[in-house]
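Novice: Structure for the following, please:
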Amino acid sequence: LRIHAPVDALGSDAGYLGLTLTLDENPGNVSASASLPVEANRTRGLSLRGPDGTASSTGYGLLGTDAQAWMLLHNLGNANEVISSSSQNTSWGIIGLYDMDGVEQPALSLSAGEVKLLTARLEVPGNANLGESVSTPLTMCVGRDNEQTCQTISLTFEVAGVVTDVHQRSVPASGLNWEVQANMPPVASQLSWSLSDAGMAVQGWSWSASGDLSIVGDSIFMTGVPDSLATGTLTLDLPSDAPPAFRNFSDASAQSPDHVIRLSLEVLQIHRASLVVTSPTEQPHVAEVGEEVLVMVRLENQGNGQDTYHLTHEVVLDENITEDPGVDVSFSNDMVSLGAGSLTNIPVTVVLPPNTPAGTPVSIMFHMTSMGDQSVSDSDSVALEARQDHRWNLTAAAVGSDTDGRTYSVAPGGNLIIDVNATNVGNLIDGLELTISYSVSLIGEDDSQNWNSSGDSVAGIEVNQSAQMTVGVSVPEDAWNGSVMSVSVT
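Specialist: Purely as a prediction, here's the structure:
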């Protein structure tokens with residue numbers, strides 16, 4: 001007994017299989033039943049990381065506000081899990097966990113494969129000094145006892161003169177915003193930073209500012225009242241082809257080294273695919289059965305990063321083609337890697353088998369599937385039509401023996417009937433006509449005439465079906481012994 005579970009079965013899926021054993025000789029009275037419990041194998045795993053993909057994260061906070069450290073929590077298992085967490089107290093207090101909407105998460109649960117973005121928050125004392133920091137490990141676990149799996153991240157919280165919104169993850173898009181807050185120095189009404197020194201001057205990226213922030217040339221300016229809070233917004237428009245990468249930006253203010261602007265961004269990869277059959281251009285394309293047909297396929301990576309694609313095919317079934325007749329498809333390479341925005345043309349050979357019905361288009365669908373995200377794919381098809389194959393198998397017999405090459409004696413005025421069995425071994429309903437040609441060699445002074453031979457014809461014979469046909473030969477009454485008539489049938 002073998003049971004197959006689907007690849008997306010959850011670890012919590014379970015059921016039973018009812019089994020009955022019956023004696024063949026007495027099925028009505030002798031039998032036994034049992035229930036076989038069945039459950040999917042449960043897997044457990046956690047991923048806990050900071051903005052740069054490592055097991056650390058730093059949160060910055062103004063005096064008297066919350067410092068926020070960004071985290072990504074991923075349930076790697078195949079079942080819903082309740083997450084337990086533990087951390088150590090710091091001299092500033094105990095951390096709290098919040099989602100990206102600012103809602104506290106006293107209890108965490110994740111479905112199979114779910115990713116949750118969180119922030120660990122810790123209030124910064126009002127009497128702390130700029131640059132002062134505390135650290136604590138945060139451990140999250142699933143399961144218990146011997147089946148428990150845990151991950152730990154190191155969290156650091158630091159007093160800062162300037163804070164921005166936490167780390168962002170986004171595909172190339174416009175309108176990404178970071179709110180920037182600064183406690184202005186007691187003796188300065190303006191702070192400035194360099195876009196290029198911060199690493200923010202990336203070709204094709206467009207930065208703008210609002211509120212108490214402004215951008216002039218390569219400089220970002222924060223303007224406010226000395227020793228008060230200033231607030232502004234930085235906005236980023238990413239080009240559509242921005243490559244996937246982690247970016248960390250920081251620069252100290254020219255007016256105060258304790259006022260450092262910091263922000264980070266992970267540009268996510270967009271997986272896209274495009275497949276087009278470029279040749280043959282006229283479809284359906286008529287092809288000889290058993291011979292290779294060259295099909296050209298253009299593949300394009302329309303995403304923003306390197307990707308690898310898997311090429312597959314299928315015969316499209318319809319009311320005319322109800323099953324794959326055995327079409328042979330060969331890719332020059334069924335795994336193709338393409339850089340962002342690049343394309344390639346690959347040859348594909350297709351061979352229609354001899355049993356492919358003629359006059360009926362056979363559509364072969366080609367698929368390209370992204371290995372980075374297997375939900376992303378594209379398809380196109382080519383329609384081929386088998387050229388009609390008019391082959392027949394013929395067998396002929398007369399007087400109980402094969403006639404091919406044989407000589408028969410026929411009395412003057414007599415006839416010979418040759419029975420022909422014709423089998424249509426082509427690929428379409430067909431007809432056949434037996435065409436007769438003959439020659440007569442008369443002996444001596446034999447001047448007989450009216451030697452004759454006739455053929456036959458049939459129509460509408462199905463593939464692999466046979467028809468009975470005849471070839472007739474007649475000899476005139478005044479023919480001499482030794483005269484010969486040679487008959488050829490085509």
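
Novice: Excluding covalently adjacent residues, which one is nearest to the residue nearest the centre of the chain?
Specialist: Centroid-nearest residue in the chain, with CA atoms, centre = their mean: T369, separated by 2.5 Å. Once flanking residues are discounted, T369 sits nearest to S377: 4.3 Å by CB to CB, 6 or more residues apart in numbering. Every residue, glycine included, has its C-beta placed from N, CA and C.

Novice: contacting residues for that neighbour?
Specialist: Residues in contact with S377, defined by CB atoms under 8 Å, 6 or more residues apart in numbering, are 273, 367-370.

Novice: and the gap between D197 and D218?
Specialist: Applying CB to CB, to the nearest Å, the value for D197 to D218 is 9 Å.

Novice: Kindly report the same for G102.
Specialist: G102 sits 34 Å away from D218, taking CB to CB as the criterion.

Novice: These two: which is more packed in?
Specialist: D218 (13 against 10; other CB atoms under 10 Å).

Novice: That one is in contact with S192, isn't it?
Specialist: No - D218 lies out of contact with S192 (CB atoms under 8 Å); the separation is 10.1 Å.

Novice: quick one on the thing from earlier: quick one: the residue nearest to the centre of the chain and Y309 touch, right?
Specialist: Yes - here T369 reaches Y309: they are 6.3 Å apart, a contact under CB under 8 Å.

Novice: quick one: common contacting residues for the two?
Specialist: Joint contacts of T369 and Y309 (CB under 8 Å, 6+ apart) are A273.

Novice: residues touching the closest residue to S86 other than its chain neighbours, list them.
Specialist: Take S86 and drop its neighbours on the chain: the residue closest to it by CB to CB, 6+ apart is T139, 5.2 Å away. Residues in contact with T139 (CB under 8 Å, 6+ apart) are 85-87, 150-152.

Novice: same thing but 7 Å
Specialist: Shown in contact with T139 (CB atoms under 7 Å, 6 or more residues apart in numbering): 85-86, 150, 152.

Novice: got a winner among those residues for most neighbours?
Specialist: Busiest of those [other CB under 10 Å] is S85, holding 19 neighbours.

Novice: List of residues touching the helix or strand harbouring it?
Specialist: Element membership for S85 (DSSP states H and E) is strand 81-87. Applying CB under 7 Å, 6+ apart, the contact partners of strand 81-87 are 75, 95, 97, 108-110, 136-142.

Novice: Tell me the most packed of these, by neighbour count.
Specialist: I95 (25 neighbours).

Novice: quick one: average pLDDT of stretch 230-238?
Specialist: Here stretch 230-238 scores 97 as its mean pLDDT.

Novice: follow-up on the earlier one: any chance of the contacts of T139 in TSV, plus distance to V297 and pLDDT?
Specialist: TSV is the format used below for these (distance: CB to CB, whole Å; pLDDT from 0 to 100):
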residue	distance to V297	pLDDT
S85	51	93
S86	55	93
C150	48	92
T152	49	95
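
Novice: ok, the residues you listed vs N29, which is closest?
Specialist: Here the nearest of the contacts of T139 to N29, counting by CB to CB, is C150; it sits at 57.8 Å.

Novice: Could you measure from the closest one over to R387?
Specialist: On the measure of CB to CB, C150 and R387 end up 67 Å apart.

Novice: Q283 and A383 touch, don't they?
Specialist: Yes - under the criterion of CB atoms under 7 Å, Q283 makes contact with A383 at 4.3 Å.

Novice: about what we covered before: same list as before, the contacts of T139 that is, but in TSV and with distance to L343 included.
Specialist: As requested, the contacts of T139 are arranged in TSV below (distance: CB to CB, whole Å):
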residue	distance to L343
S85	47
S86	52
C150	46
T152	45
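
Novice: from those, which single one is nearest K116?
Specialist: Taking those together and measuring to K116 by CB to CB, the closest member is S85, at 12.2 Å.

Novice: can you give me the strands for the stretch 101-250 of the chain?
Specialist: Per DSSP state E, counting those that start in this stretch, the stretch 101-250 of the chain carries strands over the ranges 108-110, 115-123, 133-142, 149-159, 162-164, 168-170, 176-183, 190-194, 206-211, 213-216, 219-223, 229-237, 245-252.

Novice: which residues sit against stretch 241-257?
Specialist: Residues outside stretch 241-257 that contact it (CB under 7 Å, 6+ apart) are 52-53, 161, 172, 185, 188, 190-194, 197-200, 204, 259-269, 304-305, 340-341.

Novice: ugh, typo on my part, it should be stretch 182-199
Specialist: 62-63, 161-162, 201, 207, 218-230, 249-251, 253-256, 259, 261.
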